[in-house]
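Chemist: I would like to see how this sequence folds:
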Amino acid sequence: VEWAKKRGVVTVLNQNGVAYPAWTEDYDRINEELRELASSVDFVIYQSEFCRTGVKKWLGEPSVLSAIHYNCVDIDRFKPAKKTYSGNSIRLLIAGTHYQRERVTIPIMVVKSLVDKGWDVKLTVAGDLSWDSSELEIRTLIAKLGVRERIDLIGPYPNDEAQLILEKTDILLHLKYNDPCPNVVLEALALGIPVIGSDSGGMRELVGEHAGVLIPVQHSWSTMHYPKPQDVDNAVLLIMQSINTFRSESRKRAVELFNVSSWIRAHENIFSMLIKQR
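Modeler: Down below sits the predicted model:
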């Protein structure tokens, strides 16, 4: 940014969150760097209203022009496939880099609960397990609950395989706390896959009222909070009762709010305006 400013180059920051105590003990140092960056650019694009809220609290909102533009998805590439739902079968997915164990342990406990109720459930865990002793802990839990045949741990995956993984899914479970604007949620919605998550971060802005189920959790910057397994269990069953309606609403929301064409036009307008001003 310093190099650009010296040469009269316009700079735009895509703002995707701040550091806070529940996330890292090093939040002060990280936020000091972010504060300097945000105050140096010509324009800030927040990925969600939650991002703007975090900046106001932890950085102090920079006195530059800004706008909110959610991340985007190619809705022509990510299109719903025709699906038929047979009996009591459910395919669940969690995806991303899993730094917190609850993002994985809670869905595994939900699988056990649903199996006990007579459902044919499969859970795919896609992405890296990134806390200490994570693989041992998860495999121990799976064995303890007796759901080894129900869980598929596929580990890290390349971006170009994300669509194939999502297309095999009925419901995405995204329990990350205070997530600003997760791309995997947008891709799921574009494919007509409803989302279950915690009502925290930017998730309400993305999922809305009808494209999934968001479970209330305590709002905090100092401690992470997660839904109870029973609440996630209930959310899965609620969606499966009206799965086709949820699929339709998911696709509709992605088309209306996250279309890559609209995202590009918005950025073109911002860039053009800034260049004219300069």
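
Chemist: what's across from the nearest residue to Ile68 once chain neighbours are set aside in the sheet?
Modeler: Spatial nearest neighbour of Ile68, chain neighbours left out: Tyr46 (4.7 Å); criterion: Cβ to Cβ, 6 or more residues apart in numbering. Using the backbone N, CA and C atoms, a C-beta is placed for each residue, glycine as well. Beta-bridge partners for Tyr46, by DSSP bridges, are Gln15, Ile68.

Chemist: quick one: contacts for Tyr46?
Modeler: 15, 52, 55, 66-69 (Cβ atoms under 8 Å, 6 or more residues apart in numbering).

Chemist: hmm, 6 Å instead?
Modeler: Neighbour list for Tyr46: 15, 52, 68 [criterion: Cβ atoms under 6 Å, 6 or more residues apart in numbering].

Chemist: just Leu123 next, same as before
Modeler: Leu123 makes contact with 92, 107, 111, 151 under the criterion Cβ under 6 Å, 6+ apart.

Chemist: again, only using 8 Å
Modeler: Neighbouring residues of Leu123 by Cβ under 8 Å, 6+ apart: 92-94, 107-108, 110-111, 150-152.

Chemist: Glu135 now?
Modeler: If a contact means Cβ under 8 Å, 6+ apart, then Glu135 has Leu129 as its contacts.

Chemist: secondary structure element holding it?
Modeler: Using DSSP states H and E, Glu135 sits in helix 134-145.

Chemist: with Phe271 instead?
Modeler: helix 260-277.

Chemist: that helix: how far from the chain's middle?
Modeler: Offset of helix 260-277 from its chain centre (Cα atoms, centre = their mean, to the nearest Å): 25 Å.

Chemist: could you say what helices and strands that helix packs with?
Modeler: Packing partners of helix 260-277 (3 or more Cβ pairs under 8 Å, 6 or more residues apart in numbering; DSSP states H and E): strand 12-15, strand 43-46.

Chemist: in the first one, what's buried?
Modeler: By neighbour count with 16 or more other Cβ atoms under 10 Å, strand 12-15 contains the buried residues 12-13, 15.

Chemist: ok, which stretches of the stretch 51-200 of the chain are strands?
Modeler: Along the stretch 51-200 of the chain, counting by DSSP state E, counting those that start in this stretch, strands occupy 65-68, 89-95, 120-126, 151-155, 171-174, 195-198.

Chemist: quick one: contacts of the first one?
Modeler: Surrounding strand 65-68, the residues in contact under the criterion Cβ under 8 Å, 6+ apart are 42-49, 51-52, 266, 270.

Chemist: give me the mean pLDDT for that strand.
Modeler: Mean pLDDT, computed over strand 65-68, is 97.

Chemist: list the buried ones in that strand?
Modeler: Judged by neighbour count (16+ other Cβ under 10 Å), strand 65-68 contains these buried residues: 66, 68.

Chemist: center of the chain, which residue is that?
Modeler: Nearest to the geometric centre of the chain sits Pro182, at 2.9 Å (Cα atoms, centre = their mean).

Chemist: what's the distance between Gln230 and Met109?
Modeler: 9 Å (Cβ to Cβ, to the nearest Å).

Chemist: and Arg247, which of the strands of the stretch 51-200 of the chain is closest to it?
Modeler: strand 171-174 (10.1 Å; Cβ to Cβ).

Chemist: so which elements touch that closest one?
Modeler: Other elements packing on strand 171-174 under the criterion 3+ Cβ pairs under 8 Å, 6+ apart are strand 89-95, helix 183-190, strand 195-198, helix 229-241.
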